[in-house]
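Engineer: sequence? don't have it. structure:
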Ligand SMILES: Cc1ncc(COP(=O)(O)O)c(C=O)c1O
């Protein structure tokens, strides 16, 4: 797009017309104008160049403007930008569905393509509710989840977000009531503590006939607190879902495609969910796209009983551009030893962030895969920290008590060092 507008004019227009995420309109703090992006770098209009330590909210795993992904989009654009998915199908969707069924945990063979992560969660919830309705178990219409989760901003997704951090208080009249158990305390690297599963057991013993599914983010709870928990918790949850006849929904929208050191975080526990949500990094950060996968058994029940169909179908479902770039992004990941690179990034993050453990005000420093987190005792002064890391050439977006990074997998050693150094010095200052 050619623009003749000056940056000042553009920012005034942004102010006048746009609503930014979780912001008043106009924004209380002016956003930074991005001119171009390449590799790990954001080029701002004022000439400032920043390493993106956020991967644009976990998505840009291969870096920006990647020639392979650009080419996949260009090739697809010349063939077919979009076609409705009702009654029609196309090669990119078919190949991507086969690929997702192949690389996700065993047993997930039926793919529903969605527009965004939140919609993938809506679809997962709908599949779970429709499954039990189809079996005549219409009392099973609630969900069980753990506190400090985040699953998106649409209404069903919001209903399973943490009731305190989330937006329950705002929409209490309309948010579906769900069951909440305490989030596990047992860390990913600690010995298992059976206490963590007790509340779930108690809820299930009393209410399993009302619960359709248990939904959680496996191993890493992302936007609800950047918490990492013990794989044994996930194994016990899986076993309880089987024992009490409910479905397990794994929301891997943030963790999928290698971020935690495994292709999918469920693999840390050797667990397969009944329903899996993937999004964010699925297109390498090129466009909004997601998918909900389930088993043949569940899709067969929904397809042969009751209404005999899944009641969902977005206009832009399985958009061919998104499917093509997703296929190319997964292909890129498979083209190099990404597990080794994530392990190296993990070691660099650990090494770079560990000095912060001794800083005043720091409650915890934790690292898993390509995720590095500093948790503070007091809420972070977001603007101050952001300004300071930007002065050191790094883009981060702290929230709550957290300063964290999820760099692109292509970030070099020195770029990871620059990110962790910026985090430590911003805090120390
Ligand atoms: C675990 C998880 N689920 C769902 C979502 C919602 O995805 P989207 O923002 O694409 O709607 C997010 C987004 O941060 C997420 O981290």
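Structural biologist: Sure thing, it's come through. Since the structure is predicted, the reported quantities are computational estimates derived from the model, not experimental observations.

Engineer: am I right that residue 404 is in a helix?
Structural biologist: No. Secondary structure of residue 404 (DSSP: H, G, I helix; E, B strand; the rest coil): strand, not part of a helix.

Engineer: what pLDDT is listed against the nearest residue to it once chain neighbours are set aside?
Structural biologist: Nearest residue to residue 404, sequence neighbours excluded (C-beta to C-beta, 6 or more residues apart in numbering): residue 373, at 4.3 Å. Backbone N, C-alpha and C define where each C-beta goes, glycine included. Note on residue 373: pLDDT of 98.

Engineer: is residue 373 bridged to anything, and to what?
Structural biologist: Judged by DSSP bridges, the bridge partners of residue 373 are residue 366, residue 404.

Engineer: OK, contacts around the nearest residue to residue 60 once chain neighbours are set aside?
Structural biologist: Nearest non-adjacent residue to residue 60, counting by C-beta to C-beta, 6+ apart: residue 285, 3.3 Å away. Going by C-beta atoms under 8 Å, 6 or more residues apart in numbering, residue 285 touches 55, 56, 59, 60, 61, 62, 64.

Engineer: again, 10 Å this time
Structural biologist: The neighbours of residue 285, taking C-beta atoms under 10 Å, 6 or more residues apart in numbering as the test, are 37, 52, 55-64, 66, 69, 325, 329, 408.

Engineer: can you check residue 76 too?
Structural biologist: 90, 91, 92, 319, 320, 321, 322, 323, 324, 325, 327, 328 are the contacts of residue 76 under C-beta under 10 Å, 6+ apart.

Engineer: how close does the closest residue to the fourth one other than its chain neighbours sit to the ligand?
Structural biologist: Spelled out, that is residue 319. Closest residue to residue 319 in three dimensions, ignoring its sequence neighbours and counting by C-beta to C-beta, 6+ apart: residue 82, at 5.5 Å. Residue 82 is 19 Å from the ligand, where distance means C-beta to the nearest ligand atom, to the nearest Å.

Engineer: residue 82 reaches residue 321, doesn't it?
Structural biologist: Yes. Between residue 82 and residue 321 there is a contact under C-beta atoms under 10 Å: 7.2 Å.

Engineer: more crowded one of those two?
Structural biologist: A direct count of neighbours by other C-beta atoms under 10 Å for residue 82 and residue 321 places residue 321 higher, at 22 against 13.

Engineer: pretty sure the more buried one sits in a helix.
Structural biologist: Yes. Using three-state DSSP, the assignment for residue 321 is a helix.

Engineer: wait, it touches residue 73, no?
Structural biologist: Yes. Taking C-beta under 10 Å as the definition, residue 321 is a contact partner of residue 73 at 5.9 Å.

Engineer: can you pull the contacts of the residue nearest to residue 400 when sequence neighbours are not counted?
Structural biologist: Distance criterion C-beta to C-beta, 6+ apart; nearest residue to residue 400, sequence neighbours excluded, is residue 379 at 6.2 Å. Contacts for residue 379 (C-beta under 10 Å, 6+ apart) come out as 398, 399, 400, 401, 402.

Engineer: the third one: neighbour count?
Structural biologist: Right, the one you point to is residue 400. 15.

Engineer: what segments of the stretch 151-300 of the chain are strands?
Structural biologist: All strands of the stretch 151-300 of the chain, identified by DSSP state E, counting those that start in this stretch, fall at 179-181, 211-216, 220-221, 227-228, 247-251, 275-278, 290-294.

Engineer: in strands only, show me the contacts of residue 285.
Structural biologist: Judged by DSSP state E, the contacts of residue 285 include 37, 52 as members of strands.

Engineer: quick one, phi/psi of the nearest residue to residue 370 once chain neighbours are set aside?
Structural biologist: Distance criterion C-beta to C-beta, 6+ apart; nearest residue to residue 370, sequence neighbours excluded, is residue 345 at 4.6 Å. The phi/psi pair for residue 345 (degrees, to the nearest 10) reads phi -60, psi -40.

Engineer: which residues does residue 345 contact?
Structural biologist: Taking C-beta under 10 Å, 6+ apart, we find residue 345 in contact with 261, 367, 369-372, 405-409, 411, 413, 416.

Engineer: kindly provide the distance from it to residue 413.
Structural biologist: 9 Å (C-beta to C-beta, to the nearest Å).

Engineer: picking that back up, nearest to the ligand among the contacts of residue 345?
Structural biologist: Checking the contacts of residue 345 against the ligand by C-beta to the nearest ligand atom gives residue 406 as the nearest, at 10.7 Å.

Engineer: quick one, what contacts that closest one?
Structural biologist: Counting by C-beta under 10 Å, 6+ apart, residue 406 touches 52-61, 220, 222, 226, 254, 259, 280-281, 345, 349, 369-373, 396.

Engineer: for this structure, what lies in contact range of the ligand?
Structural biologist: The chain comes close to the ligand at residues 116-118, 121, 150-152, 217, 222-223, 251, 253-254, 279, as judged by C-beta under 6 Å from any ligand atom.

Engineer: give me the neighbour count for the nearest residue to residue 129 once chain neighbours are set aside.
Structural biologist: Of all residues not flanking residue 129 in the chain, residue 212 sits nearest, at 5.4 Å (C-beta to C-beta, 6+ apart). A count of nearby residues for residue 212, using other C-beta under 10 Å, gives 24.

Engineer: do I have it right that residue 212 meets residue 143?
Structural biologist: Yes. Using C-beta under 10 Å, residue 212 is in contact with residue 143, at 6.4 Å.

Engineer: name the residues contacting each of these two.
Structural biologist: With C-beta under 10 Å, 6+ apart, residue 212 and residue 143 have common neighbours 125, 128, 129, 246, 247, 249.

Engineer: for the first one, which non-adjacent residue is spatially closest?
Structural biologist: Read it as residue 125. Nearest one to residue 125, counting by C-beta to C-beta, 6+ apart, is residue 156 at 4.7 Å.
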